[in-house]
Structure formats: structure tokens, C-alpha cells
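Engineer: below is the sequence, then the predicted model.
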Amino acid sequence: MKKVELVDISKSYNKTDNVISNINVTIEPGEFFVLVGPSGCGKSTMLRMIAGLEEITGGTLKIGETVANHLPPNKRELSMVFQNYALYPHLTVEQNIAFGLDVKKIKKDVQIKRVADAAEMLGLTDYLKRKPRELSGGQRQRVALARAIVSEAPICLMDEPLSNLDAKLRAQMRSELRRIQRELNMTMIYVTHDQVEAMTMGDRIMILHKGEIQQVGKPIDIYNYPANPFVATFVGSPAMNLANAKVNPKTNELIIEEKFSLALTSEDCLAFENRLLTIGIRPEHLQIAKEETAPKNKVDVKVTNVEVLGNETVFSFQIGQKEWSVKWSGQWQIKIGDIIPLEIDFDALCVFDGETERLIKKPSNVGSYTLQDEVRL
Amino acid sequence: MTMSLPKKIGLYSLLIVTSFIVFFPVIYALMISFMTGPEIMQGRFFPQSIQFENYSKVFERLPLLKYLLNSFIVSAGVMLGQLIVCSLAAYAFVFLPFRGSNFVFYLFISTMMIPWEATMIPNFFIIQKLDWLNTYQGLTFPFFALAFGTFLLRQHFKTIPVELHEAARIAGISRFAFFRRVILPISKTSLVTLGAYGFLTTWNMYLWPLLITTNDSVRTVQIGLKQLQSQETATEWGVVMAGVIVVIIPTLLLLFLGQKQLQKGLSQGALK
């Protein structure tokens, strides 16, 4: 177990424009750290800089306690799993897994034992004599994983390792990866563009966009309190609904896209006054209006699209220029064109500053439950 | 593939005719090698009886076995040299990024446009200065750096996923170990192709051995054939053709063996 520390890391290919800048983060020992972002955000470049495959233009990279900026990849004591697995096609599974061990001057019998253990752990024992081309995608993935495991490096880097697998296998490998990481107590740095992978696997996740950190934190905190509108729309499916809003100080109301209005307390009103605002609300927090809802806070929306997924129903409607979606659990008999009265809970609302894009109000009602409160024994 | 019978017949007869045209010189040479002098003069195609007299004459008149051995040593030497030099050069062009590598590569490739004959005289002087006339080095060294071979291997190396190299770097495998343990085995197909090409072109080379050799010690078969032709005023074509047949046998053998390897390599090349 080792920590990885990035201080002011930046990367530039042409010496003028930084593709990555101002990266400051410490990855704790034994942590499952996920780098996530849309394609082209620099997440793979960052991983490759940690691995030593790309040069670091500026800043300091520390692995453990040593500065690793100029260490060659093999001196950094890490292993890496590539998106296309990088298996040697001419070697058998066994040789592939053991490849690199003899360079480290590990005795033959130890090698054999390690390979056998890793194969056992990943269910590859029956395939040791096969060539990679005789394996399925999932099996190749496991071989790549086994290769990372046998090196017993304290840090493991993964570059979108699951993106070539089909959905079912991916879900299975997600939990398996998590299990192995816990069992071996590795520090894992994992790159993905899939926010579901990030949410389900990471102890902490870091969201990158255009080479800059947007937010670092626990998945659930990022989901509940996104630092800016980009994070809000990137995490969660369907994405968080965003809209422009402003305060009407005369009536103490928040006007959303000139359509919804929400009563505000006078403090809130004062805080948000004279600012451009962007508000966001998760699709599951939009509720159907109840009888006691003030008619002012109620709005009738016209359904433009419906998806019934069995356990949940997602429908969308138009608000101003934006399309919002609503997610309710259960199967709702809704047809396109139906008019549905909705209400917005101010406590569930994220409010971002329209100019700096910073979160200025966290939602207080995020629908989180604890067992102790819900179950009365 | 299913084909109607008439179409099949048509196709096969076309193939037979064309292959006959292609092979005619070789077949005719084979026939002549079994004929006696008068028979050849009559312009027959098939010999009246199969005589091996010409073959024994060839071996009497020339140290043909010695020549065959020389040719084999020179061809194998050039082949190995080319494989080593070209694969290392191609490796550098693909896996070692350095400033101007593309420029150097295109410069290298552009030498393909200079005919070998144009560089023959300077090469001859170098070999002469090194005192390498009548030596195997003199016959082989000038052919080691082959632009075509480097190009061929570079193209193949470029299809190897760069992640393999990166994975090897992370595992701490040295550049040369990666070259030997990963690149070469993966590129077997291209190496066999280049090897066969190098061997055959050297085997068939005439001008350079003619310049470099002045005695029988390292002379190759192609020079030997020419010697047969001009030793006497009236060339005994039967004997010459017997020599030709002996000389092309190793070439054909190599072709058959190489082809098998090549096919194996091709089917193995299904990466990923």
C-alpha cells in the first residue's frame, strides 16, 4: 500500500496550452480512486503520467514518499491494466501472466505459485495453456487482471478496463474488481468514462473536465452536492435537470425559466438577489403535486416522452428551452401528451451561481435514509 | 465455393494454360537437360530417352557442389544479416520516438529509388580497400542494410498495439528483451517473407559476385552457370540446362517450405 500524491500537475504537448492543469490530489493507501470524465478530458493522460508513460510537464508526483517525476515506469512499483488488455498474442495465458516476473528475479517456484494463485482467484485455472485468441473478452480481461495481480505491486492503474465487455459481464466484473482490490488491499487508480462504474466502484471519485478537476469526493456526496452544473449533469442518469432562474424580490419568489415559481424565505431571497442563477434538481425529486400544494407552486407540464422500465418510469417535458425529465419508481400509466401537475421542493434544489458556476445552496432533502430511523425493532 | 461445371472447366483450363506458359522455360530446360546434343539441335521438346549423362558432366566440369555451398553460405548470410539489421532498424523507427525519426525514415526509404548498379562502383572500391575481394564478407556485407526490408518490417511493427510496449515497460522488461521476446515472435510472418526474399535475390545475384570473385574459392552458382556457357566454343546446352536445374532446385525447395511457414504465419496472425 502506498499513497500517490499529485501536486500542481500539468501537462502540455506544445509548451503553450495545457491539456491538464492544476491537479492537486492525494490518493490514500488502499483506496479505490476513480478518475472519471467525458472523453478527451485528460483522464487517461493523467493515468499515463502516473504510470510514467507520459512525461509530466509541471508539478510534482509523489509515490509513497519519493518524488517520481523522472522515475522509469518499472521503478514506480505499479501495475497497469489496459483497455485492450495488451496480452502478448504468441504466449499462453500462463506465460502472459508470468511475463515480467523473471525480470524481477523472482524464483521459478514462487512464480509458479503466484500464477496459480492469481489464476485460481480469477477462475482461469482451466485456461492456463490457451492462447489469448482462444479466449472470450471477459477471460482476456481476467488474464490482464491476473498479470497485474501477480506483480504484487502496491499500486494498480486501470485504463477503462471494462469498456470492451458487454453490459452483463461488465456488471459482474465491477463487483469482482472491487472484491479483489479489497482482498489484496491495493491502491487502485481507475479511469473510466462511465459514471455508473465510478459511482459503484470508487471510494472516492474525481471528475475531470477539459483537463481540470471539477470535484473530488465520495460518490454519494458528488451525487447529492455537485460542485457545478457540469458535475450535476455528468453524474446521474437521467441527468440532473438544470434551468436558469432569478429572484423576484417583490414577491419573495424564485422564478424558474419564467414558468415555475417557488416561495423563498426572506434570507434566501436576500442571498440570491441580483444574481443570475442556475438551479438543478434530480429527476427523482420532482414530485406530483398534492392537494395541499399552493396553486402558485404547482405547474402543469405536458409529457413529451415516456419510458417505462418496469421498476421505474421516466418521462420528460419541456420547460422553457430545456427538456427536463422525471423519474418515479413503479410503473406509471402515462401517455405522451398527458398533463401532469408537478411541484418542486425547494429543499431538494441545488442552486448554482450563474456566473462562477459554483454551488451556493446544497439541497437538504436528498431522499437519504438510514436503517436505524426506518426500521423500528 | 460452388461453381457450375462448365465454368469450372473453363477456369481450370485457363489456369493450366497460363501456368504452362509461366513454367515453359523451366520445363523446357528440364527436358533439354535429359537430351543429347543432336537431339537438342533437332528442336524436340521431349527427349527420346532420359539420360543423366549431362548431370554427371556438369559435376565433372565445375566444382558445382563447392559453388552450391558458396551460394548457400552467401545467401544465408545475407538473409540473416538483413533480418537482423532491418528488424532492429524498424524497431527503432516504430518504438523509439526521437526527433526527426520520420525524416530519417523517409530519407532511408528514398534510397530505394537509387538503383543498386549506381552504387556498385563505390561499393567495389570499399570492398577492395578492405581487402575483402574473394571473401564471404565482401559478398554479403553490402546487402545487409535493405531499405525495402526495413519498410516491410516497420509496417508490420506498426500494427503491434503500442500498449504491448507500454505493458512491457511497466513490467520492467528491457527494450532488447521486448524486441526479442515479443516483437520477433509476433512478426514471424513478415520475417519469413523478408528472409525468403533476401535469400532468393541473393541466390540469383550475378553482377556483384562476378565483380568480387576472381577465383573458385567463393564463387557462386550463377557465375558457374555462365562459366559453363562460355567454356567451349560450342556451348553444350544439355550440360548448361542440367546445371540450371541443379541450381534452381534449392530455390524451389525454399519456396515450398517457406510457403508452408508463410501460410501458418498468416493464419496465426489473427491478433487480439
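Structural biologist: Looks like it arrived, so ask away.
Engineer: regarding A:Lys296, what is its secondary structure?
Structural biologist: Under the three-state scheme (DSSP: H, G, I helix; E, B strand; the rest coil), the conformation of A:Lys296 reads as helix.
Engineer: count the residues that sit near it.
Structural biologist: The number of residues packed around A:Lys296, counting by other C-beta atoms under 10 Å in any protein chain shown, is 12. Every C-beta, even on glycine, is put in place using the N, C-alpha and C of the backbone.
Engineer: with B:Lys66 instead?
Structural biologist: Applying the criterion other C-beta under 10 Å, we find 15 residues in the vicinity of B:Lys66.
Engineer: state the distance from it to A:Asn241.
Structural biologist: Taken as C-beta to C-beta, to the nearest Å, the spacing of B:Lys66 relative to A:Asn241 amounts to 90 Å.
Engineer: near chain B, which residues of chain A?
Structural biologist: A:51-53, A:72-75, A:78-80, A:82-84, A:86, A:88-90, A:99-100, A:103-104, A:133, A:147, A:151 (C-beta under 8 Å from any C-beta of the partner chain).
Engineer: gap between stretch B:88-96 and the chain center?
Structural biologist: Its chain's C-alpha centre and that of stretch B:88-96 lie 24 Å apart, by C-alpha atoms, centre = their mean, to the nearest Å.
Engineer: now it: mean pLDDT?
Structural biologist: For stretch B:88-96, mean pLDDT rounds to 93.
Engineer: is B:Trp132 in a helix, a strand, or coil?
Structural biologist: Following three-state DSSP, we place B:Trp132 in the coil state.
Engineer: which of the helices or strands spans the nearest residue to it once chain neighbours are set aside?
Structural biologist: Setting aside the residues directly before and after it, B:Trp132 is nearest to B:Gly138 in space (C-beta to C-beta, 6 or more residues apart in numbering or on different chains), at 3.5 Å. In the assignment (DSSP states H and E), B:Gly138 maps to helix B:136-140.
Engineer: touching that helix from outside, list them.
Structural biologist: Residues from elsewhere that reach helix B:136-140, judged by C-beta atoms under 8 Å, 6 or more residues apart in numbering or on different chains: B:70, B:73-74, B:77-78, B:81, B:127, B:130, B:132, B:202, B:208-209, B:212-213, B:218, B:220.
Engineer: ok, now with 10 Å
Structural biologist: Helix B:136-140 is contacted by residues B:70-71, B:73-82, B:123-124, B:126-128, B:130-133, B:202, B:205, B:208-209, B:211-213, B:217-220 when judged by C-beta atoms under 10 Å, 6 or more residues apart in numbering or on different chains.
Engineer: other SSEs contacting the strand or helix carrying B:Thr251?
Structural biologist: When secondary structure is defined by DSSP H and E, B:Thr251 falls within helix B:237-268. Using 3 or more C-beta pairs under 10 Å, 6 or more residues apart in numbering or on different chains; DSSP states H and E as the contact criterion, the neighbours of helix B:237-268 among helices and strands are helix B:5-33, helix B:37-41, helix B:53-61, helix B:64-95, helix B:188-203, helix B:221-230.
Engineer: any chance of these in CSV, plus distance to chain A?
Structural biologist: Formatted as CSV, the helices and strands packed on helix B:237-268 follow (distance: least, C-beta to the nearest C-beta, whole Å):
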stretch, distance to chain A
helix B:5-33, 34
helix B:37-41, 53
helix B:53-61, 44
helix B:64-95, 13
helix B:188-203, 8
helix B:221-230, 37
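Engineer: weakest of these in terms of mean pLDDT?
Structural biologist: Within the helices and strands packed on helix B:237-268, the stretch with the lowest mean pLDDT is helix B:37-41, showing a mean of 79.
Engineer: returning to what we had before: mind listing what's buried in the helix holding B:Thr251?
Structural biologist: B:237-248, B:250-251, B:254, B:258, B:261-262, B:265, B:268 (16 or more other C-beta atoms under 10 Å in any protein chain shown).
Engineer: could you do stretch A:180-191 as well?
Structural biologist: By neighbour count, and taking 16+ other C-beta under 10 Å as the criterion, the buried residues in stretch A:180-191 are A:Ile180, A:Gln181, A:Leu184, A:Met186, A:Thr187, A:Met188, A:Ile189, A:Tyr190, A:Val191.
Engineer: in helices only, show me those residues.
Structural biologist: When DSSP state H defines the helices, the subset of the buried residues of stretch A:180-191 inside them is A:Ile180, A:Gln181, A:Leu184.
Engineer: tell me the confidence at the residue nearest to B:Trp132?
Structural biologist: For B:Gly138, the model assigns a pLDDT of 92.
Engineer: quick one: it from B:Val182, how far?
Structural biologist: Distance of B:Gly138 to B:Val182, given as C-beta to C-beta: 35 Å.
Engineer: the more surrounded of these two?
Structural biologist: Between B:Gly138 and B:Val182, counting by other C-beta under 10 Å, B:Gly138 is the more crowded of the two (24 against 21).
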